[in-house]
Structure formats: C-alpha cells, structure tokens
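heads up, no residue letters with this:
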C-alpha cells in the first residue's frame, strides 16, 4: 500500500530502475518481465483554475455544441434501447417458449425491491462482429443491492 503522502499517479519502470526508488506501489508481471510501479507526486490542487459554473446558452458556440451533443445523446439512447430488447425477436421467442425469464428480469428478481441496478457494460458487444448483434457482449454485469448489501452481479 502507498502511504497517504505518496498517493499519486503511477509510473511504470523496469527492474533496473526499481532499485533507485524507495516506495514500491505494486509488482506485476508484464510479458515475462517484472515491472514495478512507483508513486510520483501530484501537482498542487490549489494551483488549478476554478470554474464559476455559469454557461452562456445564447452563444453560437454553445448552440453548435448543443446540436452536436444532442445527436450523440439520441444515438446513445437508440443503441441502449436496442440493447435492452435483448438478442432479437428470434432469441426472445425461444426464451418465452421455454418459459425462461430474460436476464434483466432475473436480475431484478434478485435485487432488493425498488433498488437500482447500475449496468456496467451494456454496449460491450457493439460492432464487435460487424452486422451481427451481441447485446452487452452476451453478458450482463452491474452493481445492485441484495439484502441491503451492494453486490457485483
């Protein structure tokens, strides 16, 4: 563990250089070689500019950015809607025919009633195999509450 005074970003260095550093944060193998990560000091957080939090929504630059980002948001919502439908009509029909619950329905039955579920990678399989759809990369993962305990599912 890194001491409070040495919390920082890590720089990866070879074993030869490792002997010159006193604070070793971690040891991990990388392609057969052993590398060590060392702590370095962070810049003083008081030297950064503070944003005032005001945005002028009447400027041409804001309007242009708003239009562009609105298109991205619409595209993301469309992709998320597609992911939530599952593996397509044929796969959904098989599940229904076999009296199986869909994966998100199974997860909601395990979670505490009314508790949220933070899905970690709904777009993991996006464009993975060209035109073939692989919603969530074929696996649904996330964080939810079960019996009052936050769990990784």
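Done, it's in. Everything quoted here is computed from the prediction, not taken from an experiment. Numbers count the residues shown, from 1 in each chain.

give me the nearest residue to the residue nearest the centre of the chain, chain neighbours excluded.
Of all residues in the chain, the one closest to the mean position by C-alpha atoms, centre = their mean is residue 120, 5.5 Å from it. Distances taken as C-beta to C-beta, 6 or more residues apart in numbering put residue 141 closest to residue 120, at 4.6 Å, once the chain neighbours are dropped. From N, CA and C alone the C-beta is placed, and that goes for glycine too.

now residue 95
Closest to residue 95 by C-beta to C-beta, 6+ apart is residue 102, at 6.1 Å.

test my guess that that neighbour contacts residue 87.
No. Using C-beta atoms under 8 Å, residue 102 is not in contact with residue 87; the gap is 9.3 Å.

right, and the helix or strand after the helix or strand hosting residue 96?
Using DSSP states H and E, residue 96 maps to helix 89-97. Per DSSP H and E, the first helix or strand lying C-terminal to helix 89-97 is helix 103-110.

by contact count, what packs against that next one?
Here helix 103-110 touches strand 117-119, strand 142-146, going by 3 or more C-beta pairs under 8 Å, 6 or more residues apart in numbering; DSSP states H and E.

the longest helix along the chain versus helix 103-110: what angle between them?
For the chain, the longest helix by residue count, based on DSSP state H, is helix 60-84. Interaxial angle, helix 60-84 versus helix 103-110 (axes from the mean of the first three to the mean of the last three C-alpha atoms, to 10 degrees): 80 degrees.

who touches helix 60-84?
55-57, 104, 122-123, 126, 133, 135-136 (C-beta atoms under 8 Å, 6 or more residues apart in numbering).

and what of stretch 114-133?
With contacts defined as C-beta under 8 Å, 6+ apart, stretch 114-133 is touched by 79-80, 82-84, 87-88, 104, 107-108, 111, 134-145, 153.

return the residues in contact with the residue nearest to residue 95.
86, 92, 95.
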